[in-house]
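Undergrad: build me a structure from this.
(one chain, ligands or ions: 1)
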Amino acid sequence: MNSITDIKGTFQLHNGVHMPYLGLGVYLADNDNEVIDAIHWALDTGYRHIDTASIYRNEEGVGKAIHSSSIPREEIFVVSKVWNADQGYDTTIKAFEESLNRLQLDYLDLYLIHWPVKNKYLDTWKALETLYKEKRIRAIGVSNFMQHHLEDLMAKSEIVPMVNQMEFHPHLVQQSLIDFCKQHHIQYEAWSPMMQGKIFELSILDDLANTYNKTVAQIVLRWNLQKGVITIPKSVKKERIVTNSNIFDFEISNEDMSYIDALDKNHRNGPDPNNFNF
Ligand code: NDP
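TA: So this is what the prediction gives:
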């Protein structure tokens, strides 16, 4: 825990790659100055990890922001994802090349299968394995994979995913999935750590925020990191991008960590990976 002290700090993936544990999410950020400014503010603040996806339709903007920043490309951990309609072996290779073109990059740090599309994700994974072996991607992983998806994938493929990016917040902890991932050295990562902003309408963390003299966002993001979960809060507002990263000067006690864990309701804000239709 004491190692979580730096905005540029990393967790090590099972292939040895270091992934910054705090990143900027850019879902719903417009593919223009909105995403470019947000990324520049984040990089200036010290973030070194950007999470996009082809379906966010802002990869061009993400690429422009990276190229126009003063931070060298190799110091920024860039993540994108293959969308559901592109799944399958050849179509994934093509989608990857298109993402790189839009981003104007020649490699990605992490490429994820966005959702476990039935009867397709195994072929999609084979394409990711190929791209990884060709050193086009430094790490490969999945998103929205429940334990049975991971078991199926691991039984039928060569490389164990390095990351599983899941909806994760105080109302959706999925501790048994976290434990399963830990057991298999799959790094757990949170999407919608602040319930897409809905957490601020609840008052479940107000008391803790007062106790630590921190904001609700800072409490929830620090809780992510202390649980060993990589987190990618999204904001396009400068002040929030800065304050969301102001989480390295305090530590949540074990008792309060358990208190937040116990707020779990197994409640999803987003779609259910076992039952989605897109
Ligand atoms: P978040 O939980 O990160 O919440 C983002 C929302 O909270 C935005 O409306 C933002 O508004 C607002 N917000 C941010 N910081 C604050 C703050 N300090 N105080 C008040 N409001 C705040 O939701 P996301 O769904 O965006 O998840 C994060 C990232 O995870 C995404 O951007 C994306 O990269 C990834 N993701 C992945 C998915 C997957 O299937 N793999 C699915 C969904 C997301 P504003 O921008 O105006 O500040």
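Undergrad: every contact and neighbour count from this point should use C-alpha atoms.
TA: Will do.
Undergrad: quick check: end-to-end length of stretch 129-138?
TA: Stretch 129-138 has an end-to-end distance of 11 Å (C-alpha to C-alpha, to the nearest Å).
Undergrad: now stretch 105-121, how far from the centre of its chain.
TA: Its chain's C-alpha centre and that of stretch 105-121 lie 13 Å apart, by C-alpha atoms, centre = their mean, to the nearest Å.
Undergrad: cool, and stretch 248-258?
TA: 22 Å.
Undergrad: how long is it end to end?
TA: Distance between the two ends of stretch 248-258: 20 Å, counting by C-alpha to C-alpha.
Undergrad: pull up the pairing partners for the strand or helix carrying Leu110, direction included.
TA: According to DSSP states H and E, Leu110 maps onto strand 108-113. Strand pairing for strand 108-113, determined by DSSP bridges: strand 77-82 (parallel), strand 137-143 (parallel).
Undergrad: closest one to the ligand among those?
TA: Proximity to the ligand (C-alpha to the nearest ligand atom) singles out strand 137-143 among the strands paired with strand 108-113, at 5.2 Å.
Undergrad: if we can go back for a sec, now the strands paired with strand 108-113 in JSON lines, with distance to Gly23?
TA: Below are the strands paired with strand 108-113 laid out as JSON lines (distance: least, C-alpha to C-alpha, whole Å):
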{"stretch": "strand 77-82", "distance to Gly23": "8"}
{"stretch": "strand 137-143", "distance to Gly23": "16"}
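Undergrad: mean neighbour count, mean pLDDT and distance to the ligand for the ones you listed - can I get that in JSON lines?
TA: Shown next, in JSON lines, are those (neighbours: other C-alpha atoms under 10 Å; pLDDT from 0 to 100; distance: least, C-alpha to the nearest ligand atom, whole Å):
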{"stretch": "strand 77-82", "mean neighbour count": "23", "mean pLDDT": "98", "distance to the ligand": "8"}
{"stretch": "strand 137-143", "mean neighbour count": "24", "mean pLDDT": "99", "distance to the ligand": "5"}
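Undergrad: Thr243: which of the ones you listed is closest?
TA: Of all the strands paired with strand 108-113, it is strand 77-82 that lies closest to Thr243, at 20.7 Å by C-alpha to C-alpha.
Undergrad: returning to what we had before: quick one: the strand holding Leu110 near the ligand?
TA: No - Strand 108-113 is not in contact with the ligand by C-alpha under 6 Å from any ligand atom; minimum separation 8.2 Å.
Undergrad: and the residue of the chain most remote from its centre, how far is that from Leu153?
TA: Within the chain, the residue lying farthest from the chain centre (C-alpha atoms, centre = their mean) is Thr211, at 28.2 Å. Distance of Thr211 to Leu153, computed by C-alpha to C-alpha: 43 Å.
Undergrad: mind checking pLDDT for Gln104?
TA: On the pLDDT scale, Gln104 is placed at 98.
Undergrad: elements contacting the lengthiest helix in the chain?
TA: Within the chain, and with DSSP state H defining each element, the longest helix by residue count is helix 89-103. If you count contacts as 3 or more C-alpha pairs under 8 Å, 6 or more residues apart in numbering; DSSP states H and E, helix 89-103 packs onto helix 59-67, strand 77-82, helix 121-133.
Undergrad: let me have those in JSON lines, extended by distance to Ile39.
TA: Converted to JSON lines, the helices and strands packed on helix 89-103 look like this (distance: least, C-alpha to C-alpha, whole Å):
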{"stretch": "helix 59-67", "distance to Ile39": "6"}
{"stretch": "strand 77-82", "distance to Ile39": "11"}
{"stretch": "helix 121-133", "distance to Ile39": "26"}
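Undergrad: nearest to Asn275, of the ones you listed?
TA: That would be helix 121-133 among these, by C-alpha to C-alpha, at 14.9 Å.
Undergrad: which of the residues in that closest one are buried?
TA: Buried positions in helix 121-133, judged by neighbour count with 16 or more other C-alpha atoms under 10 Å: Tyr121, Leu122, Asp123, Thr124, Trp125, Lys126, Ala127, Leu128, Glu129, Leu131, Tyr132.
Undergrad: identify the residues contacting that helix?
TA: Contact partners of helix 121-133, identified using C-alpha atoms under 8 Å, 6 or more residues apart in numbering, comprise 87-90, 92-93, 111, 113, 137-140, 153, 156-159.
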